[in-house]
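[1] return a 3D structure for these sequence lines:
(one chain, ligands or ions: 2)
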Amino acid sequence: MLKRIAILGSTGSIGTQALDVVRANSDRFSVQVLTAQDNAALLVEQAAEFRPGTVVIGNEAHFDFVKSSLATLGIQVYAGAQALVPVVEGDDIDIVLTAMVGYAGLLPTIHAIKAGKDIALANKETLVVAGQLITDLARLHNVKIYPVDSEHSAIFQCLTGEDGNPIEKIILTASGGPFRGKDKAFLSNVTKQQALKHPNWSMGAKITIDSATLMNKGLEVIEAKWLFDLAPEQIEVVVHPQSIIHSLVQFEDGSMKAQMGLPDMKLPIQYALHYPQRLKSGFPRFNFLDYPALTFEMPDLETFRNLAIAYDVLRKGGNAACIINAANEIAVEAFLGERIRFLDISDVIVESLARIDFILNPSYSDYVETNEATRRIASELIQVKV
Ligand code: NAD
Ligand code: MG
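    Numbering: from 1, shown residues only. Ligands and ions are numbered 1, 2, ... in the order given. You can find the predicted model right below:
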């Protein structure tokens, strides 16, 4: 039986690697839905190859092009953000891979869960924004959330076979990004080009900047809380520049399990899509002798404030993580547009957090309002800095 997948964000880094996995395992998977925001040409190319039933292009300006390009193939074509919601609900879908970036992942994920679809979750922002709501809904609808993020996949793999054995703590590894070891004086002048050069991974622009500011690790700490039901004190971060150990679990007897390998997102993607069976792959294998020194150091929370901010909001709960996520999205966009400087990103987040009302038990509409209000405030704060 083919596993039938909907891929949201198929033209991005995760989306294209997911399609590599499907291409290499065409006897296991079929693609039912493909969606993209702007890259209409690649979306059309993917649709012609994988023949999904449905395609959505987010940017409505490209609708005519996509529609006419796919006219002879019998593929349904829709455009606009609203179209993302119903396409995840089809009877012909077993699992939805959320590979779009940012807050935009929240609503389609909610609908997919309500329709009983399992989730292969790459879009960590969904759990950061509304982890309580998402995990409650998943329980209610008996839906599984399989992590795609490499650290969380590592933990998930370490937990396999450990039913009933409590976790003492988890240790998320961090590469440290391109600015590991640098001080604030250095960071005050770094350019967008420097920040976009990640040492170990090739990823979309937003997550690459998040890796440089350590916000990515902060978002992952919050993501881990919701995926594995942990208290903040049970989640540690260690910097491991080689990115070979993808994360670890420590159990109550003191034993630690780690998952290792060369950095390649295709592995966690296919593990999430095909759990619990592993698929044979030709990915390059790790060799200890190529890495005689695996090293570890503490993250510098004073220089890279975003990780400290993420721990604070994790302890605070409510809509606090939704606020920092929205402020971060706006700040990263402004940094990529060269409207603010690298260290301004944390300032925008801290100031937004101070200005938006805290809500302890947010409803879905509270999250929507928090997100919108924070984007407005963060944009105003950026105007002042320009
Ligand atoms: P990307 O920028 O390369 O791709 C994003 C995809 O989402 C594209 O297909 C784009 O068309 C689509 N998209 C963008 N804005 C959208 C919107 N508003 N609505 C709908 N679709 C939209 O990003 P990526 O690096 O593939 O990351 C995707 C998600 O996976 C992010 O949440 C990221 O944090 C997470 N993730 C990525 C990696 C990685 O290695 N790239 C690793 C772990 C987690
Ligand atoms: Mg990660």
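
[2] in a helix, Asn306, correct?
    Yes - when DSSP: H, G, I helix; E, B strand; the rest coil is applied, Asn306 is found to be in a helix.

[3] Leu70 and Arg375: what is the separation?
    33 Å (C-beta to C-beta, to the nearest Å). Using the backbone N, CA and C atoms, a C-beta is placed for each residue, glycine as well.

[4] Pro86 too?
    Applying C-beta to C-beta to Pro86 and Arg375 gives a distance of 25 Å.

[5] now Glu151, nearest residue through space, not along the chain?
    Excluding its sequence neighbours, the residue lying closest to Glu151 (C-beta to C-beta, 6 or more residues apart in numbering) is Ser247, at 4.1 Å.

[6] which ones are touching the closest residue to ligand 2 within the stretch 101-250 of the chain?
    Of all residues in the stretch 101-250 of the chain, Asp149 sits closest to ligand 2, at 4.2 Å by C-beta to the ion. Contacts for Asp149 (C-beta atoms under 8 Å, 6 or more residues apart in numbering) come out as 121-122, 124, 220, 223, 268.

[7] between these, which is closest to ligand 1?
    When the contacts of Asp149 are compared for distance to ligand 1 (C-beta to the nearest ligand atom), Ala122 wins out at 3.5 Å.

[8] my guess is the closest one meets Thr98, correct?
    Yes - between Ala122 and Thr98 there is a contact at 5.7 Å, judged by C-beta atoms under 8 Å.

[9] neighbour count for those two, which is higher?
    Just comparing Ala122 and Thr98: by other C-beta atoms under 10 Å the higher neighbour count belongs to Ala122, 30 against 27.

[10] re earlier: give me the more crowded residue out of Pro86 and Arg375.
    Between Pro86 and Arg375, counted using other C-beta under 10 Å, Arg375 has the larger neighbour count: 17 against 14.

[11] which single residue in the protein comes nearest to ligand 1?
    Counting by C-beta to the nearest ligand atom, the chain gets nearest ligand 1 through Gly12, at 1.8 Å.

[12] tally of neighbours for that residue?
    24.

[13] one step back: identify the contacts common to Ala122 and Thr98.
    Contacts common to Ala122 and Thr98, judged by C-beta under 8 Å, 6+ apart, are Gly9.

[14] next, count neighbours for Val384.
    Counted with other C-beta under 10 Å, residues neighbouring Val384 total 7.

[15] can you tell me the SS state at it?
    Under the three-state scheme (three-state DSSP), Val384 adopts helix.

[16] residue numbers of the protein in contact with ligand 2?
    By the rule C-beta under 5 Å from the ion, the part of the chain lying against ligand 2 is 149-151.

[17] low-confidence ranges, the stretch 251-386 of the chain, go.
    386 (pLDDT under 70).

[18] gap between the residue lying closest to Arg278 once chain neighbours are set aside and ligand 2?
    Nearest in space to Arg278, with sequence neighbours left out and distances taken as C-beta to C-beta, 6+ apart, is Tyr271 at 6.9 Å. Applying C-beta to the ion, to the nearest Å, the value for Tyr271 to ligand 2 is 14 Å.

[19] let me see the contact set for Tyr271.
    Here Tyr271 is in contact with 146, 153, 156-157, 278 (criterion: C-beta under 8 Å, 6+ apart).

[20] if you set the cut-off to 7 Å instead, what comes out?
    153, 157, 278 (C-beta atoms under 7 Å, 6 or more residues apart in numbering).

[21] can you tell me the helix or strand for the second one?
    For Gln157, the element it lies in under DSSP states H and E is helix 150-159.

[22] just checking, what packs against that helix?
    On a contact count with 3 or more C-beta pairs under 7 Å, 6 or more residues apart in numbering; DSSP states H and E, helix 150-159 meets strand 167-174, helix 215-228, strand 245-251, strand 256-260, helix 266-274.

[23] wait, a helix at Val85?
    Yes - counting by three-state DSSP, Val85 is located in a helix.

[24] now the strands for the chain?
    3-8, 29-36, 54-57, 76-79, 95-98, 118-121, 145-147, 167-174, 235-239, 245-251, 256-260 (DSSP state E).

[25] can you list contacts of the last one?
    Same thing as strand 256-260. Contacts for strand 256-260 (C-beta under 7 Å, 6+ apart): 154, 157-158, 244-250, 286.

[26] equivalent analysis for the first one, please.
    Where contact means C-beta under 7 Å, 6+ apart, the residues beyond strand 3-8 that reach it are 15, 18, 28-35, 84, 87-88, 92-100, 108, 273-274.

[27] burial check on the residue lying closest to Ile209 once chain neighbours are set aside, number of neighbours?
    In space, and not counting its chain neighbours, Ile209 is closest to Val332: 4.8 Å by C-beta to C-beta, 6+ apart. Around Val332 sit 24 other residues, with neighbours defined as other C-beta under 10 Å.

[28] domain parsing for the protein?
    Following automatic domain parsing, one gets these domains for the chain: 3-143, 150-262+295-315, 317-386.

[29] sorry, back to before: out of the contacts of strand 256-260, give me the two with the largest separation.
    Comparing all pairs in those by C-beta to C-beta, the longest separation belongs to Gln250 and Phe286, at 22.1 Å.
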